[in-house]
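*Asks:* model the structure of this input:
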Amino acid sequence: MALQLTAKIFNYASKMERNALKSLVLVATSGDTGGAVMNAFSRHSDNTDVIVLFPEDGISSIQKAQLTSFDHPNCKALGIKGDFDFCQSAIKSIFENKELESLYADKFGYRLSSANSINFARLLPQIVYHAFSYS
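*Replies:* Okay, here's the model as predicted:
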């Protein structure tokens with residue numbers, strides 16, 4: 001549910017900026033988040049591409065089928081020979097490399113972002129949802 005709003009926030013924000021870069025959303029998943037991100041961003045954001053890393057042998061066959069059969073030009077899932085922690089570490093290391101981030105912006109026209117729990121645009125809707133449900 002939170003990811004649907006997150007994709008809409010990304011889309012709205014990119015339309016508000018002058019000379020906006022496209023967003024490249026990098027996601028590590030242990031199964032469920034990746035499919036939800038691909039679904040949300042393919043429906044609600046026309047200025048965002050998504051790459052999902054998942055552990056090739058660390059998710060169920062149903063989850064792997066959901067990720068690898070998703071057919072949308074802006075969403076790709078990549079199976080990695082490693083565990084979820086390796087996928088997460090790979091994405092975090094990309095964000096820590098400011099030169100790589102600049103390269104993606106200058107050469108390819110992308111702003112790097114994430115839809116994992118490290119992104120506030122994903123956390124905020126979840127906080128509101130849980131607070132509302134509790135009250």
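*Asks:* wait, what's in contact with residue 15?
*Replies:* Applying Cβ atoms under 8 Å, 6 or more residues apart in numbering to residue 15 gives the contacts residue 47. The way it works is simple: take the backbone N, C-alpha and C, and place the C-beta from them, glycine included.
*Asks:* kindly report the same for residue 133.
*Replies:* Contact analysis of residue 133 by Cβ under 8 Å, 6+ apart lists nothing.
*Asks:* wasn't residue 59 part of a helix?
*Replies:* No: using DSSP: H, G, I helix; E, B strand; the rest coil, the assignment for residue 59 is coil, not a helix.
*Asks:* tell me how far it lies from residue 12.
*Replies:* Going from residue 59 to residue 12 by Cβ to Cβ, to the nearest Å gives 31 Å.
*Asks:* now do residue 29
*Replies:* From residue 29 across to residue 12, the span is 24 Å (Cβ to Cβ).
*Asks:* and those two? which has more neighbours close in?
*Replies:* A direct count of neighbours by other Cβ atoms under 10 Å for residue 29 and residue 12 places residue 29 higher, at 25 against 12.
*Asks:* ok, for that one, nearest residue in space, not its chain neighbours?
*Replies:* Computed as Cβ to Cβ, 6 or more residues apart in numbering, the closest residue to residue 29 that is not its neighbour in sequence is residue 54, at 5.0 Å.
*Asks:* what's across from that neighbour in the sheet?
*Replies:* With DSSP bridges as the criterion, residue 54 is bridged to residue 79.
*Asks:* and it, how far is that from residue 73?
*Replies:* Distance, residue 54 to residue 73, by Cβ to Cβ: 19 Å.
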